[in-house]
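Novice: Show me the folded form of this:
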Amino acid sequence: MIRDEPSTTITIGWEQITGENPMVYYSTSDYGQDYSKYAYQAYPQRTVHAKGMHNHFARLSKLRPNTVYYFVIKDSDGISQRFSFKTLPDEHESRLSIIGGGDSRNHKIARQNANKMVARCRPHFVLFAGDMTGGDSSREWQEWLDDWQLTIAKDGRMTAVVAARGNHERSDASIVDMFDVPHEMVYYGLTFARGLMRVYTLNSMQSSSSSQLAWLEKDLKESQTIAWRMAQYHHPMRPHNRRKHEQEYMRIHWGKLFHRYAIQLALECDSHLSKVTWPIRATTNKAEPGYDEGFVQDPTGTVFVGEGGWGAPLRDADDSKRWTRAVGSFNQVKWFFVDLNKIEIRTIKTENANAVTYLLDDNRFYMPQNIDLWKIDGADFITIYNQNKAKFVPKKAQILMEIASSSAHFSNNEVALKWKSIYEVDEVKFKIQVSTNKVFWKTVGIVPGAGPSANKQRHYEYVDRTEKRGGKYYYRIAAIDQSGKEFVQEYIEVRTLGSQSLDVIEGSVHAGQLQVPLTLTEPTKVVIELFDTKRRQVFVREFNATSGEQSFPLNIRHLEKGFYLLEISCNGRLIKKSVKITS
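Specialist: Residues are numbered from 1 along each chain as shown. So this is what the prediction gives:
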C-alpha cells in the first residue's frame with residue numbers, strides 16, 4: 001500500500017496465520033529466501049484483528065526513489081516467498097503508469113481477470129475506488145485477498161494499491177483495517193513524482209460537506225503548483241445507469257471545487273459499466289448551451305471516467321448525457337499514462353487476461369500482446385492536455401535543506417523530538433506541529449536554523465510539553481524560508497504511553513520476563529502484543545488460556561528500558577495497559 005510519500009515509503013501488509021515475532025527483511029539486492037543477507041529489517045508497526053484475520057502492516061521508510069527492493073517475511077514458523085516492489089520516481093519529468101477501477105465484489109472470474117491484468121501491465125500503482133466485496137464479511141475478504149495474489153507478477157513483483165471506500169464496505173474501518181490507509185475517515189491526498197500529480201482519495205460514504213470538504217478545499221488551494229490533480233471516489237456524481245441515484249450533494253459541494261481548483265481527472269465507480277466524459281464543469285445555469293443534469297462541456301473542466309467493472313454484476317449503460325463521450329457495459333479497468341504534458345486514458349477489456357503478455361519495468365509503456373482496448377472515436381486512447389502547465393512549479397527547485405533523520409520519545413508526559421538536517425541554507429526556521437488525525441495541525445513551537453551547513457549534519461531537538469492523553473500523535477517538522485513559505489516536511493508518529501489513563505505494569509530487562517496478570521471468565525484465545533513509542537510491534541504471542549486468574553509471561557530480554565503499550569485481545573475485548581521496563 002501507499003500511505004505516505006510514494007518515492008521513499010511503502011507499506012507491506014500480510015495476514016499472520018501462525019508463528020510469532022514476524023519481521024520483514026529487505027534490501028536492494030536479491031538474496032532469495034536467505035533473510036540473513038538482507039540489509040534492513042522492520043517490525044510490523046500496526047497489527048489488527050479484523051475479518052477473521054490477524055493483519056500486520058510494516059511501514060518502510062527512508063527508501064531510495066525509483067528503486068527495486070526485494071523482501072521476505074520471517075517468523076518463528078518459517079520464511080515467505082521472496083517478493084519485490086519498486087518505489088516511485090521523485091522527478092517531475094517522470095512518466096507514470098496507473099491502473100484504476102473498482103467494484104470487484106462477487107463475480108470471481110471477472111475479478112481474477114482484472115487482477116491478472118495488473119500483473120501483466122505492471123503499473124506503478126493501482127487506484128481502487130471501493131466495493132471490494134459484496135457483504136464485507138470475513139469469508140469474502142479472505143477470498144478477495146486470495147484473488148489479489150494474482151496481481152503479483154511471475155517474478156514476485158507486487159503493485160501497491162491506493163484504496164477508497166465503497167457503499168458495500170459497511171464502515172470506514174473495513175478499509176483502514178485491510179489497507180492501513182492514513183486517515184480513519186478514508187479521505188487523504190498523495191503527491192507523486194515531486195509535484196507531477198496529486199491524487200485525492202475521497203469518501204462518498206461520508207458527508208461531502210463538513211470536515212471532508214474543508215480539508216479538500218484547503219488542500220486544493222495549497223496544491224495549485226502541482227501539474228495534475230486527480231480524484232478517486234466510489235459514487236458517481238451523475239451515474240450512467242438509470243437505476244442508480246444522482247449524487248446531487250456531491251455535485252454541489254465537490255463539483256464546484258473540481259473546476260475552481262482544476263481537478264483534471266476523476267475516477268468514479270458503483271454503476272458497473274464503462275464511461276468516459278468530455279471535460280465538463282458543474283453549473284446551476286440551465287440556459288448554458290449543452291446543459292444536462294447540472295454540467296456543461298468545458299475544455300477547462302474535469303474528465304470523469306468509470307464506473308466500476310472489476311468483477312461486479314454488469315449493468316446497462318442506459319443513461320448517457322449530452323456531455324458523455326463514450327459508454328458501454330463490459331468488465332474493464334482504466335489505464336492512465338501521466339507525464340507533464342498530457343494524460344493518456346485507455347480502457348482495458350479484461351475478459352482475455354490469460355492471453356495477454358507480461359510487461360517489465362523497461363517496457364511498461366508499451367502495449368502487451370493481445371491486449372483488448374476499448375476504441376473511442378476509432379482510437380485506442382484519449383488524451384487530456386495540461387492547460388495548467390504554466391502554473392507548475394517543480395518541487396525540487398524549492399528545497400531549502402534535507403532532513404536526514406528524525407525520532408520522537410515520550411517520557412513524563414513530554415515528547416522529545418530530535419532531527420538532523422543537511423544542505424541547510426541561511427535563515428531557515430523549523431515549525432513544529434502536532435495532530436491526532438494528520439488533517440488538522442496545531443503549531444507548538446518554532447526552532448531557528450543554525451545556518452548554512454553544506455553536507456554537514458545539523459542536530460536539533462525540541463520538547464513538546466503540552467498535555468497529552470494516552471493515544472497516538474503525529475508530529476510534522478516543516479522548514480520555512482524568509483518569506484514564510486513551507487518546503488520540507490518530516491512526519492513522525494509517537495504513541496504516548498505511561499499516562500495515568502492506563503494501568504502500569506513494571507518489568508526489568510535483567511529479570512528477562514514480564515508477567516501479565518489476567519482474569520478470564522471462560523477458556524479463550526488470548527493475543528498479547530507489545531508496542532514501542534513509535535507504534536512498532538516488538539512482541540506478539542498467542543495463548544490458549546483456561547478460565548480463572550492467571551499470569552502470562554512475555555520475553556523482554558531484547559527490549560530497551562522505557563515505556564511500552566500492551567494490548568491484550570480476548571473474548572472480543574481489547575485491553576490496554578502501559579508497561580514500564582527498567583534496566
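
Novice: Number of residues surrounding Glu217?
Specialist: 16 (other CB atoms under 10 Å). Every residue, glycine included, has its C-beta placed from N, CA and C.

Novice: now it: how far from Ser210?
Specialist: Distance of Glu217 to Ser210, computed by CB to CB, to the nearest Å: 12 Å.

Novice: Ok, Phe125 next?
Specialist: Taking CB to CB, one finds Phe125 at 29 Å from Ser210.

Novice: One more: Ser29?
Specialist: Taking CB to CB, one finds Ser29 at 49 Å from Ser210.

Novice: now Asp481
Specialist: Taking CB to CB, one finds Asp481 at 34 Å from Ser210.

Novice: Mind checking which of the two has more residues around it?
Specialist: Neighbours of Asp481 and Ser210, each counted by other CB under 10 Å, are more numerous for Asp481; the result is 15 against 10.

Novice: So that one versus Lys431, what's the distance?
Specialist: 11 Å.

Novice: can you give me the helices for the stretch 401-550 of the chain?
Specialist: For the stretch 401-550 of the chain, helices defined by DSSP state H, counting those that start in this stretch do not occur.

Novice: actually the stretch 251-400 of the chain, not the one I wrote
Specialist: Under DSSP H, counting those that start in this stretch, the stretch 251-400 of the chain gives helices at 256-260.

Novice: what about it, any weak spots by pLDDT?
Specialist: 390, 394-400 (pLDDT under 70).

Novice: and with 80 instead?
Specialist: Scanning the stretch 251-400 of the chain with the threshold set as pLDDT under 80 gives 388-400.

Novice: And the strands in it, which stretches?
Specialist: 265-267, 274-277, 280-282, 295-297, 303-306, 324-328, 332-338, 342-349, 372-373, 382-385 (DSSP state E, counting those that start in this stretch).

Novice: Would you format those strands as a markdown table with mean neighbour count included?
Specialist: Listed next are the strands of the stretch 251-400 of the chain as a markdown table, based on neighbours: other CB atoms under 10 Å:
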| stretch | mean neighbour count |
| --- | --- |
| strand 265-267 | 25 |
| strand 274-277 | 24 |
| strand 280-282 | 24 |
| strand 295-297 | 22 |
| strand 303-306 | 25 |
| strand 324-328 | 19 |
| strand 332-338 | 24 |
| strand 342-349 | 20 |
| strand 372-373 | 16 |
| strand 382-385 | 14 |
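
Novice: helices and strands of this protein: which one bottoms out on pLDDT?
Specialist: Lowest by mean pLDDT, DSSP states H and E among the helices and strands of the chain is strand 486-496, with a mean of 68.

Novice: Include distance to Ala317 when you put the strands of the stretch 251-400 of the chain into JSON lines, please.
Specialist: Below are the strands of the stretch 251-400 of the chain laid out as JSON lines (distance: least, CB to CB, whole Å):
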{"stretch": "strand 265-267", "distance to Ala317": "17"}
{"stretch": "strand 274-277", "distance to Ala317": "7"}
{"stretch": "strand 280-282", "distance to Ala317": "17"}
{"stretch": "strand 295-297", "distance to Ala317": "17"}
{"stretch": "strand 303-306", "distance to Ala317": "11"}
{"stretch": "strand 324-328", "distance to Ala317": "4"}
{"stretch": "strand 332-338", "distance to Ala317": "11"}
{"stretch": "strand 342-349", "distance to Ala317": "13"}
{"stretch": "strand 372-373", "distance to Ala317": "18"}
{"stretch": "strand 382-385", "distance to Ala317": "17"}
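
Novice: Quick one, which of those strands gets closest to Trp148.
Specialist: Across those, Trp148 has its closest neighbour in strand 332-338 (13.8 Å, CB to CB).

Novice: what residues does that closest one touch?
Specialist: If you take CB atoms under 8 Å, 6 or more residues apart in numbering as the criterion, strand 332-338 is touched by 95-101, 114, 117, 121, 123, 196-197, 228, 265, 267, 274, 305-306, 309-310, 343-350, 365, 374.

Novice: rerun that using 7 Å as the cut-off
Specialist: Residues outside strand 332-338 that contact it (CB atoms under 7 Å, 6 or more residues apart in numbering) are 95-101, 114, 117, 121, 196-197, 228, 267, 274, 305, 309-310, 343-350, 365, 374.
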